[in-house]
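[1] this is a predicted model, with the sequence first.
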Amino acid sequence: MGNLYDVIILGGGPAGLTAGIYLSRAKIKTLIVNEGIIGGQMSLTHEIANYPGIESLSGYMLSVNMQKQAESFGCKIISNVKITKYNLKNDIKSITVNEKEEYKSKAVIIASGGKSRELGVLGEKEFAGRGVSYCATCDGDFFQDKEIIVVGGGNSALEEAVALTQYASKVTVVHEFGYFQAYKHAIEQATNHPKIDFILNSTVSAFYGSQSLEKVTVKNLKTGEEKDINIDGVFIFIGYIPKTEPFAEILSLNEGGEIIIDKNMMTDISGVFAAGDCITKRFRQITTAVADGTVAALNAIEFIQK
Amino acid sequence: MTLQTNLDHIETENQYNDILSNNENVMICCGRMGPMCVPVYADMETLRDEYPNVKFYDMLFDIPDAQVIRNLPECVGFMGLPFTVYYKNGKVVKATSSIQMREQITAVLDEYFSE
C-alpha cells in the first residue's frame, strides 16, 4: 500500500506546492507529481518583487523554498516525470507515471498550471536551445553583447526585455498590437530604456539559421509586409495556456481549456479539486495560485475526512 | 567548485579525460543550479540504479576546465543550459541543449547504451 495516498497533487507550481504544505502539515499523506520543473512558470521568473513578505527573490529560489517547506512536513514530491494514465472517476483515484508506477489516492488536486504559448511558426522548435528561448534567467548570459528580439507586449515580455539588457547590446521588442498589455511601470521601464527598440503591430513569422539562429522574418500584421532581420536570439513571452489537455475528456473545461470549478474548488468529479493557473479565473499571479492551493487543500482535507 | 548535487562531479580536464578513457558509457550534464538544469541532475541521480552500465557525472558550467564541454563541436550553437553530452568509448554519440524530460534522457540511454 506504499503507493496509496490521501491526496495526490498533480503539479508542483505555487498552487500545488502550497496545497502540499497545507496537507502535509495537517498529517495528510500527500504526493505531488510534477511533469515539469518544480515551481513551474514561477521558477523561470527573473525577479519576484510583489510576493508579500519577500522584497526581492528569484522565482527559482522561491520555488526551492516552497519545495523544501512542503518536504519538511513530509510531502513526497516526484518531478520531471510523465503521467501516462489518469483514472479520476472512481472513489479511489489513480494515476500512472512513466507507464510503470501506479499511485492511488482518495482525492486529487489538479494544479497543472500553464505553459508558455509558442508562436508555432517555421523553425521555432528547431532552434529551441539554439537561439530561441522562453527563459531569460536561464539563457540570458549566452547573449552577452549580442542583439536579440523579445516577442510579446505583456508584463513578462517587457520586464524580461529590461532584464535582458544586462547582457544584450540591443533588445528589440516585437509585439502584435500597437499598444502593450502591461502595467504602467513595466511599460515605462521598457520604453524609457536606451537599449530597447520596438516593432509594433508585427510578429516573428519564421526562424532561420544553421547550427544556431541567425535570422528571423518579421511580419507587419497590418500591411502584410515581411522583412528579414539578422539576430542572435529570440525570447518568446506571449502568454500562457492552461495545461489541461489530459483532462479534456474527463472534466468540464471552458472554451479556453480552463477547468471549471465550484466554490469549493471542486471540479465536476467528486474528490477532484483544481487550483492555480489551470482553472477558470481572471488574474494569474503567484499570490492567487497560492491562495487557490490553500483553499483546495483545506477543502480536500474536509472531503477525505467526511 | 562543484554543483550542489548528489552526482559525482568533474572538476578538471584531466579528470574528464580519465573518465572518458576508462569508461565505456558516460553521461555528463554541464550546467548551473538553475531551473532548467536541476531537473536533469535529479533524473540522473535516480537513473544511476536503472543504468548500472552508465557512469553519470555533472560539471559546473562556469569553471575554466568546463571548456572541454563548452567547446565540443557537438555543442556549437547551444544557447541553453544544461549542455548534456553522452559518450561511448570516449566519443560523443549525442549532445542536447536545455532541459530534457526523463523520457528524453532514457530514450538516448536506451538507444546508445543498451546492453
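    Yes, it's here. Residues are numbered from 1 along each chain as shown, chains lettered A, B, ... in the order given.

[2] pretty sure residue A:70 contacts residue A:28?
    No. Contact between residue A:70 and residue A:28 fails when scored by Cβ atoms under 8 Å: they sit 12.0 Å apart. Quick note: C-beta positions are derived from backbone N, CA and C, even for glycine.

[3] the more surrounded of those two?
    residue A:70 (27 against 23; other Cβ atoms under 10 Å in any protein chain shown).

[4] just read off the phi/psi values of the residue lying closest to that one once chain neighbours are set aside.
    Leaving aside its chain neighbours, residue A:70 sits nearest to residue A:20 (3.9 Å; criterion: Cβ to Cβ, 6 or more residues apart in numbering or on different chains). The phi and psi values for residue A:20, taken as degrees, to the nearest 10, are phi -60, psi -40.

[5] contacts only, for residue A:20.
    Residues counted as contacts of residue A:20 (Cβ atoms under 8 Å, 6 or more residues apart in numbering or on different chains) are A:9, A:12, A:30, A:32, A:70, A:73, A:75, A:77, A:297.

[6] also residue B:41?
    B:3, B:5, B:7, B:29, B:31, B:58.

[7] buried sites along the worst-scoring helix or strand of chain B on mean pLDDT?
    Lowest mean confidence among the helices and strands of chain B (mean pLDDT, DSSP states H and E): helix B:38-50, at a mean of 87. Neighbour-count burial for helix B:38-50, counted by 16 or more other Cβ atoms under 10 Å in any protein chain shown, picks out B:38, B:39, B:40, B:41, B:42, B:43, B:44, B:47.

[8] and the residue nearest the centre of chain B?
    residue B:28 (1.6 Å; Cα atoms, centre = their mean).

[9] what about it, distance to residue A:127?
    Distance from residue B:28 to residue A:127, counting by Cβ to Cβ, to the nearest Å: 24 Å.

[10] which parts of chain B are helices?
    Along chain B, counting by DSSP state H, helices occupy B:13-22, B:38-50, B:67-70, B:102-113.

[11] helices or strands next to the last one in the packing?
    In terms of contact count using 3 or more Cβ pairs under 8 Å, 6 or more residues apart in numbering or on different chains; DSSP states H and E, helix B:102-113 is assigned the packing partners strand B:25-31, helix B:38-50, strand B:83-88, strand B:91-97.

[12] again, only this time at 7 Å
    Using 3 or more Cβ pairs under 7 Å, 6 or more residues apart in numbering or on different chains; DSSP states H and E as the contact test, the elements touching helix B:102-113 are helix B:38-50, strand B:83-88, strand B:91-97.

[13] is it true that residue A:201 touches residue A:178?
    Yes. If you go by Cβ atoms under 7 Å, residue A:201 and residue A:178 touch, sitting 5.2 Å apart.

[14] neighbour count for those two, which is higher?
    Using other Cβ under 10 Å, the more surrounded residue of residue A:201 and residue A:178 is residue A:201, with 15 against 11.

[15] burial check on residue B:111, number of neighbours?
    Residue B:111 - counted by other Cβ under 10 Å - has 11 other residues nearby.

[16] ditto for residue A:240
    Applying other Cβ under 10 Å, we find 17 residues neighbouring residue A:240.

[17] equivalent analysis for the one 10 residues further on, please.
    Applying the criterion other Cβ under 10 Å, we find 18 residues in the vicinity of residue A:250.

[18] mind checking pLDDT for it?
    Here the pLDDT value assigned to residue A:250 is 94.

[19] nearest residue to it other than its sequence neighbours?
    residue A:88 is the one closest to residue A:250 (Cβ to Cβ, 6+ apart), at 5.9 Å.

[20] how about the contacts made by that neighbour?
    Going by Cβ atoms under 7 Å, 6 or more residues apart in numbering or on different chains, residue A:88 touches A:108, A:250, A:269, A:272.

[21] so where is chain B shaky, pLDDT-wise?
    By pLDDT under 70, chain B has no low-scoring segment.

[22] near chain A, which residues of chain B show up?
    Counting by Cβ under 7 Å from any Cβ of the partner chain, chain B comes close to chain A at B:34-36, B:39, B:42-43, B:76-81, B:97-99, B:101-103.

[23] ok, 10 Å please
    Contact residues, chain B versus chain A (Cβ under 10 Å from any Cβ of the partner chain): B:31-40, B:42-43, B:46, B:61-62, B:73, B:75-83, B:96-106.

[24] which SS state does the residue nearest to residue A:4 when sequence neighbours are not counted fall under?
    The shortest distance from residue A:4 to any non-neighbouring residue, by Cβ to Cβ, 6+ apart, is to residue A:104 (4.9 Å). The local conformation at residue A:104, judged by DSSP: H, G, I helix; E, B strand; the rest coil, is strand.

[25] gap between the residue nearest to residue B:11 when sequence neighbours are not counted and residue B:58?
    Distances taken as Cβ to Cβ, 6+ apart put residue B:2 closest to residue B:11, at 6.2 Å, once the chain neighbours are dropped. Distance, residue B:2 to residue B:58, using Cβ to Cβ: 8 Å.

[26] which one's more surrounded, these two?
    Counted by other Cβ under 10 Å, residue B:2 and residue B:58 do not tie: residue B:58 has more neighbours, with 26 against 13.
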